[in-house]
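Engineer: Just need the structure, nothing else, for what follows:
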Amino acid sequence: MSEVNSPPPLGGWTRFVTARPRLSLLAALVLTALAVFAGSSVAERMGSGGWADPSAESTYATKALEREFPASQPNVLLLVDSGRASVDDPAVAAEGRRLAERLAAEKDVTGVGSYWQTGSAALRAQDGRQALIAARIQGDEKAAAEVLQRIAPDFRGAHGPVDVSIGGPVAVQHEMTTIIQDDLLRAEMIALPVTLVLLVMVFGSAIAALLPLGVGIVAILGTNAVLRGITEFADVSVFAQNLTTALGLGLAIDYALFIVRRFREELAAGAEVREAVGITLRTAGRTVLFSALTVAVSLAAMLVFPQYFLRSFAYAGIAVVLLAAGAALILLPAALMLLGHRVNALDLRRLLRRGRGKGAAGADRDTAETGAGWGRFAGLVMRRAPLFAFATVAGLVLLGLPFLGVKFGTPDDRQLPSTAESHVVQQQIRDGFPGSPAGGLEVFAEDAEDTKSRTTPADYADYRARIAALPGVLRVDGPVAANGSAYFTVQPKGEAVGREAQRLVHELRDVPAPFETSVTGRAAVLEDSKAAIADRLPLALAIIAVVTLLLVFLLTGSVLIPIQAVVLNALSLTAMFGAVVWVFQDGNLSGVLAFTSTGDIETTLPVLMFCIAFGLSMDYGVFLLSRIKEEYDHTGDHEHAVRFGLQRTGGLITAAAVILAVVMVGIGTSRVTNTKMLGLGIALAVLMDAMVVRSLLVPSVMKLMGASTWWAPGPLRRFHQRFGLSEGEISQPVPQLTSPSATKPKSDSEPQPKTDPATEPKSDSGPETDPDAVRDKVEA
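Structural biologist: Numbering: from 1, shown residues only. The predicted structure is shown next:
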């Protein structure tokens, strides 16, 4: 029997990360402390908007109206409730006028108007017991929120015969930011202890379980510091903090799980500590690097969109992925060097095993049996490959059918809990006031730059008549003119952002006029946002697809596996999109999950959820494919490699998916609907990918494709041999160790089939030099 090949010498990267482990950990501790200091104020500098295209016509019109006619764009509303009295009662009217005068006297508040000053029917409730005071707080989101926080205590509550509540866009955004920060803290308090318990169940050792959490904390704190720096020159959404926590914990745990697991395997196989670290970095470490790149690319694709809501998630996602991978590939190996065999210390499952009469050998047998169970399951799936492939694809398509009925909308106060003050105010306005004070469309009119003559009142009157004649118009107010410009308020028939209102936006923009016009309003913002996403979406998908295909090809050397990976990953997301529409748009389970359905989905959310879920799916796909590729390089046996890959990674991928799902469900406990949708949707996508696609669809499809799975044309094969990277230190099939009676020795003149593994697969009966096979025997 020939000898097993000795392990290759330590590479340069291994020498770098293991040369001075104490110094590496000390430097990391100092940098983490600095990150805590740098990122401590990041939430205060974040915004809660970012859904609009900054270069769109609606954005231009909104800014022009804010500048020329502040009263046309109120962002704070005081709801004055007179109880049983009428708002026209002299005492109520006097108090209403006094409140409006006080509000107008506040610094940075302009455009104040009230029912008692204007007599507008739109500012008086239909029952006559409520009225509105509207105003505009100047400045950007952060400045307006600070002003509101300063003046709100003076106006909220009882004032003589009336009671005042505060609503409007600024109040909604401020309350949303506060709730998100509180919910994020609660999510972390839920996710961290549950995650620790699950890690102990996976590893057994408390020491090993703490390592992934340490990597995650470094990634989260580092990302907060990065986001704090980005806020100096770009807008960042407060929602991005949720992604930082979720991916920081989730990916750090994924990466650390695979690295620590492989390190413990090498120690169990008899390797020295430094040697075990070297093998781990060349195998699991390389897989982590590829995985991080694929996830980062999926998130980076959001940078092509103009909305800063999406760009914020790209900033946070890229930073947290790279920091998690860096900590897993630099700090974690240093910690493993110092711990050595003590990585298995504090085995908290030992008491349970003693209670059941099992010792360490029993635990090893349990581990081996679990892996063997995944291997048998993979064998079952491949024996019935057509059935499993068809049934899985049909089921996923069926779950995704509700998405065909998706309706897109803009976020409003109904994102908040039904008890939130600004939500209550806006709901009372929707239910009790005529029309929709904040739901109309505004048309901003200004003289064209190349026209010397000024617009006359007759021109405005003629244009008003033309837009009033449009079939979707309920009422036209205005014009209100000043300084060579004017604006009209158009009330659409039906809902403020319904299909008729969206159609009306395009009709208004097509009406000819002797001056320049631009249309804004919620329906116009929605239409411009949809147009911006539709315009940039092909580029984003192309970036994700091309880079993913290239990275998976460099990992596997196959042309077909990258295509398979992209298609199956996209298919795994159907259940998530179907559930989002069925639950959050249609309102099913709204009582159980405690949210208010708006009947639509915010336009940017499907893009965000696709990029995140696709990246995480590729994360698990790379882990599985890398182990299959490693075994295929060892043995040249396609079916055995698929079985072995699932046997080695099935339990680990499932455990990682469950832990990540726990983190995402923690995010999903948020009281803000969009955050709830993001957390629960991604949790479902992760579980479907790990438990359905990786367990059923991948092995069945690879069985159906057979050895052609690994095909690549000659030029690409040579390119991969020169530039490609694959997990494992052995890049060619290893000769088998066989007994004299197993096979007849070949003469030197006979051709060797090892370059064509598809034509002569390896027998499962004989022993081999595969280190994993040796480890199986050691563990057993």
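
Engineer: From now on I want contacts and neighbour counts done on CA atoms only, so please keep to that.
Structural biologist: Noted.

Engineer: all helices for the stretch 101-250 of the chain, in order.
Structural biologist: Counting by DSSP state H, counting those that start in this stretch, the stretch 101-250 of the chain has helices at residues 115-118, 141-155, 169-203, 206-230, 240-268.

Engineer: Figure out which of the ones you listed is closest to V424.
Structural biologist: helix 169-203 (10.4 Å; Cα to Cα).

Engineer: can you give me the helices for the stretch 551-700 of the chain?
Structural biologist: Using DSSP H, counting those that start in this stretch, helices in the stretch 551-700 of the chain cover 560-571, 574-579, 590-593, 605-635, 638-668, 673-688, 698-705.

Engineer: Could you dump those helices into a markdown table and include mean neighbour count, distance to E446 and mean pLDDT?
Structural biologist: Below are the helices of the stretch 551-700 of the chain laid out as a markdown table (neighbours: other Cα atoms under 10 Å; distance: least, Cα to Cα, whole Å; pLDDT from 0 to 100):
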| stretch | mean neighbour count | distance to E446 | mean pLDDT |
| --- | --- | --- | --- |
| helix 560-571 | 19 | 47 | 92 |
| helix 574-579 | 24 | 43 | 94 |
| helix 590-593 | 12 | 45 | 90 |
| helix 605-635 | 24 | 35 | 89 |
| helix 638-668 | 25 | 46 | 90 |
| helix 673-688 | 24 | 37 | 93 |
| helix 698-705 | 22 | 60 | 93 |
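
Engineer: Please identify which of the ones you listed is closest to V260.
Structural biologist: helix 638-668 (11.3 Å).

Engineer: Just the angle for the closest one relative to helix 605-635, thanks.
Structural biologist: Relative orientation of helix 638-668 versus helix 605-635 (axes from the mean of the first three to the mean of the last three Cα atoms, to 10 degrees): 150 degrees.

Engineer: Can you spell out which helices and strands pack onto helix 638-668?
Structural biologist: With contacts taken as 3 or more Cα pairs under 8 Å, 6 or more residues apart in numbering; DSSP states H and E, helix 638-668 sits against helix 169-203, helix 240-268, helix 360-383, helix 605-635, helix 673-688, helix 698-705.

Engineer: Next, format the ones you listed as a markdown table and append distance to F595.
Structural biologist: Below are the helices and strands packed on helix 638-668 laid out as a markdown table (distance: least, Cα to Cα, whole Å):
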| stretch | distance to F595 |
| --- | --- |
| helix 169-203 | 14 |
| helix 240-268 | 18 |
| helix 360-383 | 39 |
| helix 605-635 | 17 |
| helix 673-688 | 6 |
| helix 698-705 | 36 |
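
Engineer: nearest to R45, of the ones you listed?
Structural biologist: Per Cα to Cα, nearest to R45 of the helices and strands packed on helix 638-668: helix 169-203, 10.8 Å.

Engineer: same for that closest one, what does it pack against?
Structural biologist: Partner elements for helix 169-203 (3+ Cα pairs under 8 Å, 6+ apart): strand 76-81, helix 141-155, helix 206-230, helix 240-268, helix 421-432, helix 638-668.

Engineer: And the strands in the stretch 1-150 of the chain?
Structural biologist: 76-81, 109-114, 130-137 (DSSP state E, counting those that start in this stretch).

Engineer: What is the burial count for the closest residue to G47 other than its chain neighbours?
Structural biologist: In this structure, G47 finds its nearest non-sequential neighbour in S237, 4.9 Å apart by Cα to Cα, 6 or more residues apart in numbering. For S237, the neighbour count with other Cα atoms under 10 Å is 24.

Engineer: need the contact list for S237.
Structural biologist: By Cα atoms under 8 Å, 6 or more residues apart in numbering, the contact set of S237 is 46-50, 308-309, 312-313.

Engineer: ok, so of the residues you listed, who is nearest A208?
Structural biologist: Out of the contacts of S237, the member with the shortest distance to A208 (by Cα to Cα) is F313, at 30.6 Å.

Engineer: Next, that closest one: secondary structure please.
Structural biologist: helix (DSSP: H, G, I helix; E, B strand; the rest coil).

Engineer: isn't it right up against A301?
Structural biologist: No. The criterion here is Cα atoms under 8 Å, and F313 misses it with A301 at 10.2 Å.

Engineer: what pLDDT does R282 get?
Structural biologist: Here the pLDDT value assigned to R282 is 85.

Engineer: since we're on it, how many residues are nearby?
Structural biologist: With other Cα under 10 Å as criterion, R282 counts 19.

Engineer: For the closest residue to E442 other than its chain neighbours, pull up the helix or strand it's in.
Structural biologist: In space, and not counting its chain neighbours, E442 is closest to T489: 4.7 Å by Cα to Cα, 6+ apart. Per DSSP states H and E, T489 falls inside strand 485-492.

Engineer: So the spatially most central residue of the chain versus G248, what's the distance?
Structural biologist: Centroid check for the chain by Cα atoms, centre = their mean gives I612 as the closest residue, at 4.0 Å. With distances taken as Cα to Cα, to the nearest Å, I612 is found 13 Å from G248.

Engineer: Kindly report the same for D154.
Structural biologist: Counting by Cα to Cα - D154 and G248 are separated by 41 Å.

Engineer: Give me the more crowded residue out of the two.
Structural biologist: Neighbour count, other Cα under 10 Å: between D154 and G248, G248 has more, with 32 against 11.

Engineer: Quick check, the more buried one in contact with L322.
Structural biologist: No. At 9.9 Å, G248 does not count as touching L322 under the criterion of Cα under 8 Å.

Engineer: I figured T669 hits K676, correct?
Structural biologist: Yes. Counting by Cα under 8 Å, T669 does reach K676; the two are 6.1 Å apart.

Engineer: if you count what's nearby, which of F313 and A301 comes out ahead?
Structural biologist: F313 (27 against 23).

Engineer: Report the contact partners of the more buried one.
Structural biologist: Taking Cα under 8 Å, 6+ apart, one finds 237, 239-240, 243, 299, 302, 608 in contact with F313.

Engineer: Among those residues, which one sits closest to P193?
Structural biologist: L243 (18.8 Å).

Engineer: State the number of residues packed around that closest one.
Structural biologist: With other Cα under 10 Å as criterion, L243 counts 24.
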